[in-house]
Structures are given as C-alpha cells and as structure tokens.
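Novice: Quick one, what's the 3D model for this:
(one chain, ligands or ions: 1)
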Amino acid sequence: MKRLTAGITIALSASVATWTAASDDIEAVLQNSFIAKNQATMDRLERDAVQTVCSAPRGMPLDNDTLTTLREQRLNAVALPANGHYLGDWQRGAEVAGSGRGLQSNDDPTQPNGGNCYACHQLAPDEVAYGTLGPSLMGYGARGQSEAMLQYTWTKLWDTHAYNLCSHMPRFGAQGILTEQQLKDVMAYLLDPASPVNQPAE
Ligand code: HEC
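Specialist: Here you go, the predicted structure:
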C-alpha cells in the first residue's frame, strides 16, 4: 500500500512538472507570436493574480485559501455608482449590449467600447443572433429592482470575478471596458420593464 501511495505521489509530481514545463513553452509561443498593434500592446499578455490562478493547467491542485482571498479582494474593490442610482437609459443600454467594438487593434480608441453581451447571452427575444457561453438573460427584469438585486447585478457587471473567481465574463467596470454611465444603461436594459429584454417572446 505504501509503495502504491509513493508511486502515485511520484507520478503526480512528474505530471505537475510536465504541466509547468508545458505552460512555460506556451508563454514563449505567445510572446513570440503576438504582434503588438495600435492599442493592442504586449501588455495584453500580462496576467493579473486572478488570471494566473485561473489559467493553471487542468487538474493542478489550487489552494482554497488563495482562491477565497482573491475573490474577497475582487468583491471589496467593486465601486458602486457614486450617486447611488443604478439605472440609466435602456435604449442606450441596448446599443452597448449589441456592440462588439472596442479595444481591438483595429478599433478607434476615441469611440466608446461595447459590452458585446450578445456574444455570450440571449437577451431580447426578437434577437436571433446570440452566443450561449453564458445563460439566457431573457426576462431578467422579472427579478425586480430590490437594492439586493441592483447591487448583485451591478457587481456582476463591474467585476464578475467577485462572485465567480474564474468566470469567463469580461470585467466591464474593473477593467475600464465600460464607463459608469454605460453600465447604468446596460443595467436599465436588463431591468427596466419597458426594455425589449423584458417583453414576452412571440
Ligand atoms: C465572453 C462571454 C460573456 C460576455 C461577453 C458577457 N457575459 Fe455575462 N456571463 C457569462 C457567463 C459564462 C456567465 C455565467 C457564469 C458566471 O457567472 O460567470 C455570465 C453571467 C452573467 C450574469 C449573471 C446571470 C444570472 O443568472 O444571475 C449577468 C447578469 C450577465 N452575465 C450579464 C452580462 C451583460 C449585461 C453583458 C454585456 C455587458 C455580459 N454579461 C457579457 C459570459 C459573458
């Protein structure tokens, strides 16, 4: 039994070493193949603490305390709207949700960024082109506008890692992708009863 355990330990350490070597190679490949252009500079390849932990090779054990600490740090860093008002204009929010422009090398940095929500979510029932990486947000407004709901949704948009450390959703506020006003407009698009998101499907 002891021998078996030792054997497993050796096998596991060996594979962790292989993963580490493989991730070093990937780093070099990325550095050599990424071509900096306009606003897409080499710093796009720099990973922060959350990204480093979350891109650990599959199967590599992650320390629970580190994950909890990182998630708490993200939660504490969320900036709620300065004037306490969460909801903007859903019509402008629809434009933000539908736009996939911004931050790419060929985008004009003087133009506002989009949220590209439809790349991953279904929202308005009459929009047929949407991705399914994220859950459908159709009828999201049915959850109401309690303080808790407003704060939850804002936090999710500001920094999704505050709730789900290794979420695939962009950190719209924390990374300055969307402005405070754009976030408010998207909030209204999700929550305003008049928004297309909250109309019954045909
Ligand atoms: C790259 C894909 C991606 C994009 C772009 C994206 N999301 Fe998400 N979103 C996700 C995923 C995946 C989840 C579910 C897993 C999680 O919670 O992280 C999620 C979860 C959510 C949730 C929580 C859902 C719930 O049931 O409580 C909300 C709200 C949300 N997204 C809104 C948005 C809005 C608004 C936009 C655009 C401004 C957006 N997302 C853009 C991937 C994305």
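
Novice: And this protein, what are its domain boundaries?
Specialist: According to automatic domain parsing, the chain comprises the domains 1-33, 90-198.

Novice: can you give me phi and psi for the closest residue to Ala40 other than its chain neighbours?
Specialist: For Ala40, ignoring the flanking residues on the chain, the nearest one in space by C-beta to C-beta, 6 or more residues apart in numbering is Ser105 at 3.9 Å. C-beta coordinates here come from the backbone N, C-alpha and C atoms, glycine included. Here is the backbone geometry of Ser105 (degrees, to the nearest 10): phi -60, psi -30.

Novice: Contacts only, for Ser105.
Specialist: Lys37, Asn38, Gln39, Ala40 (C-beta atoms under 8 Å, 6 or more residues apart in numbering).

Novice: Including pLDDT, distance to the ligand and neighbour count, could these go into CSV?
Specialist: Rendered in CSV, the data for the contacts of Ser105 read as follows (pLDDT from 0 to 100; distance: C-beta to the nearest ligand atom, whole Å; neighbours: other C-beta atoms under 10 Å):
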residue, pLDDT, distance to the ligand, neighbour count
Lys37, 96, 22, 10
Asn38, 96, 22, 11
Gln39, 95, 19, 14
Ala40, 96, 17, 15
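
Novice: which of the residues you listed sit farthest apart?
Specialist: Greatest spacing in those, by C-beta to C-beta: Lys37 and Gln39 (8.3 Å).

Novice: Distance to Leu190 and secondary structure added to the contacts of Ser105, as JSON lines?
Specialist: Formatted as JSON lines, those follow (distance: C-beta to C-beta, whole Å; DSSP: H, G, I helix; E, B strand; the rest coil):
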{"residue": "Lys37", "distance to Leu190": "34", "secondary structure": "strand"}
{"residue": "Asn38", "distance to Leu190": "32", "secondary structure": "coil"}
{"residue": "Gln39", "distance to Leu190": "28", "secondary structure": "coil"}
{"residue": "Ala40", "distance to Leu190": "29", "secondary structure": "strand"}
